[in-house]
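Q: model this:
(one chain, ligands or ions: 1)
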Amino acid sequence: MKKTLLFAGQMARRWRTVGAIAPSGGSLARTMARKVGDLADGQVIIELGPGTGVITRALVERFPRNPILAVEINEPFITPLRKEFPSATVVQGCASQLAAHLARHGLAPDNVGAVVSGLPLLTLPGDLPQQILASVASVLRPGRPYVQFTYSERAWRRFEAVGFERLPSKRVWWNVPPAVVLHFVRSEPSPQ
Ligand SMILES: C[S@@+](CC[C@H](N)C(=O)[O-])C[C@H]1O[C@@H](n2cnc3c(N)ncnc32)[C@H](O)[C@@H]1O
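A: Predicted coordinates:
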């Protein structure tokens, strides 16, 4: 209940940044975590926009031997996330600056196994969505996954996910509202 109120309060104050009427449900969170596939022990998972931590929980449960770096821009979410997930590194900052966040924590892109995002790219302003996609591409090695949910797969067509190959998506009806899990892998650089 406390989490729902926290989320609702942030939604009312910062609608375009929060971009959802409610936290994700458990079914959507578990589908996101499954789409990551298999990771080697120790590979870092970067989570973007953890909010009240529903997807963080699914990641911690599915990948107990993988460090999580969670990047959240809204300060009121930070302390509760740090309390609930002491094993995760929760960074207050923007997802468009991932290389800097990694460097600050002594991590290199070689260590990053996957990026999992609950960011509302459809409601973020200006070219921030493209900056975020470029930032994700900059920290993922070829073949590694970027998993993103959206409420409108159709509206997502306006983004050009440069540097990613798109794999089949998965609709999750059991969520308010129903969502689609988009699945990308970082593509190989094209030969010069
Ligand atoms: C749709 S909510 C998803 C929250 C949670 N992952 C879930 O599924 O319930 C979007 C989250 O992204 C965060 N966010 C928005 N823009 C961001 C940015 N540029 N960098 C990091 N986090 C951001 C919001 O504060 C919010 O917590």
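Q: determine how far the host helix or strand of V90 lies from the middle of the whole chain.
A: V90 is part of strand 89-92, with elements assigned from DSSP states H and E. Between the mean C-alpha point of strand 89-92 and the mean C-alpha point of its chain there is a distance of 13 Å (Cα atoms, centre = their mean, to the nearest Å).
Q: helices or strands up against that strand?
A: Under the contact definition 3 or more Cβ pairs under 8 Å, 6 or more residues apart in numbering; DSSP states H and E, strand 89-92 sits against strand 68-72, helix 75-84. No exception for glycine: its C-beta is placed from N, CA and C like everyone else's.
Q: tell me where this structure has helices.
A: According to DSSP state H, the chain carries its helices in the segments 2-13, 15-18, 26-35, 54-62, 75-84, 98-104, 128-139.
Q: buried set for the fifth one?
A: Applying a neighbour-count criterion of 16 or more other Cβ atoms under 10 Å, the buried positions in helix 75-84 are F77, I78, P80, L81, E84.
Q: the third one touches L5, doesn't it?
A: Just to be clear, that refers to P80. No. Under the criterion of Cβ atoms under 8 Å, P80 lies out of contact with L5, with a separation of 11.4 Å.
Q: C94 and the ligand, how far apart?
A: 4 Å (Cβ to the nearest ligand atom, to the nearest Å).
Q: if I pick the residue lying closest to that residue once chain neighbours are set aside, what's in contact with it?
A: On the basis of Cβ to Cβ, 6 or more residues apart in numbering, the spatially nearest residue to C94 that is not a chain neighbour turns out to be I73, at 5.5 Å. The contact partners of I73, taken as Cβ atoms under 8 Å, 6 or more residues apart in numbering, are T17, G49, Q92, G93, C94, A95.
Q: Throw those into CSV and include neighbour count, pLDDT and distance to H105, thanks.
A: Supplementary listing: the contacts of I73 in CSV, determined by neighbours: other Cβ atoms under 10 Å; pLDDT from 0 to 100; distance: Cβ to Cβ, whole Å:
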residue, neighbour count, pLDDT, distance to H105
T17, 17, 87, 23
G49, 25, 98, 18
Q92, 16, 98, 13
G93, 13, 98, 11
C94, 17, 98, 15
A95, 26, 98, 15
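Q: most centrally placed residue in the chain?
A: Within the chain, one residue has its C-alpha closest to the average C-alpha position: by Cα atoms, centre = their mean, that is S117, at 1.5 Å.
Q: next one, pLDDT for that residue please.
A: In the prediction, the pLDDT value recorded for S117 is 98.
Q: for it, give the beta-bridge partners.
A: Taking DSSP bridges, one finds L48, Q148 as the beta-bridge partners of S117.
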